[in-house]
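Novice: structure for this input, please:
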Amino acid sequence: MASLFTGRVLVVNNGARDELDTDRELGRSLENKVLLLYFGSGECPRCQEFSPLLRDFFVRLTDEFYVERASQLVLVYVSQDETEEKQTKFLKTMPKRWLSLPFEDEFKRELELRFAVSDVPAVVVLKPNGEVIVGNAVEEIRRMGPACFRNWQEAAELVDRNFLLAEDFDYLARRSITDPIRRLKYKLNKKTKNEEKKEEGEESR
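Specialist: The predicted structure follows:
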């Protein structure tokens, strides 16, 4: 999915306005995740109604207050705001984990054309490889809330890398390497003991 934004800059919606502008940074933020492209505007009446629902939807799937592990979900805001000031004002009311394109980036127009966005609000749901899962998920989010993420996760065939901790992976790796040796040793020892018992029985006769 990072390839969609290759050569672009994504801005993190935090106080520092951190920029993701390298392949490594983009990959770490976007790969193996369901990507939401939110086409909206802070002053559009329909967006004013929907944006709080989307904010709650996103927070309930990514904030550790609600979930033990953040879901594999990332959102990029594709602004339809009239000015940069209006975009900034809107984003201040949204989650800090949201990403956005810089206001002046004309790539926003390309995304509109590519995903046939003709009206806002619109939420395009993409697999990690860039394939479209849902062309506009606004009504689905309204109707189902966070429950619809499970459907997207299955459609995206995500590898759940959050399921095991790093030390669990290390333990499994060590066990997989040493287990055959231990099993072989166990079998040899067991065989030797049986042979010894058999020999002892023959000697007692």
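Novice: low pLDDT regions in the chain?
Specialist: For the chain, the stretches flagged by pLDDT under 70 are 1, 160-205.
Novice: residue ranges of the strands in it, please?
Specialist: 10-12, 19-20, 34-40, 73-79, 99-100, 122-126, 132-134 (DSSP state E).
Novice: show me what residue 99 is bridged to.
Specialist: residue 12, residue 76 (DSSP bridges).
Novice: in contact with it, which residues are there?
Specialist: Each residue near residue 99 by CB atoms under 8 Å, 6 or more residues apart in numbering is listed here: 10-13, 20, 29, 74-77. C-beta: built from backbone N, CA, C; applies to glycine.
Novice: what's the domain layout of this protein?
Specialist: Per the record, the chain has its domains at 2-156, 164-205, by automatic domain parsing.
Novice: pick the most deeply packed of these.
Specialist: Mean neighbours per residue, mean count of other CB atoms under 10 Å, is largest over these for domain 2-156, with a mean of 16.
Novice: tell me how far the ends of that domain are from each other?
Specialist: Length of domain 2-156, first residue to last, CA to CA, to the nearest Å: 15 Å.
Novice: swap in stretch 78-91?
Specialist: Across stretch 78-91, first to last residue, CA to CA, it's 11 Å.
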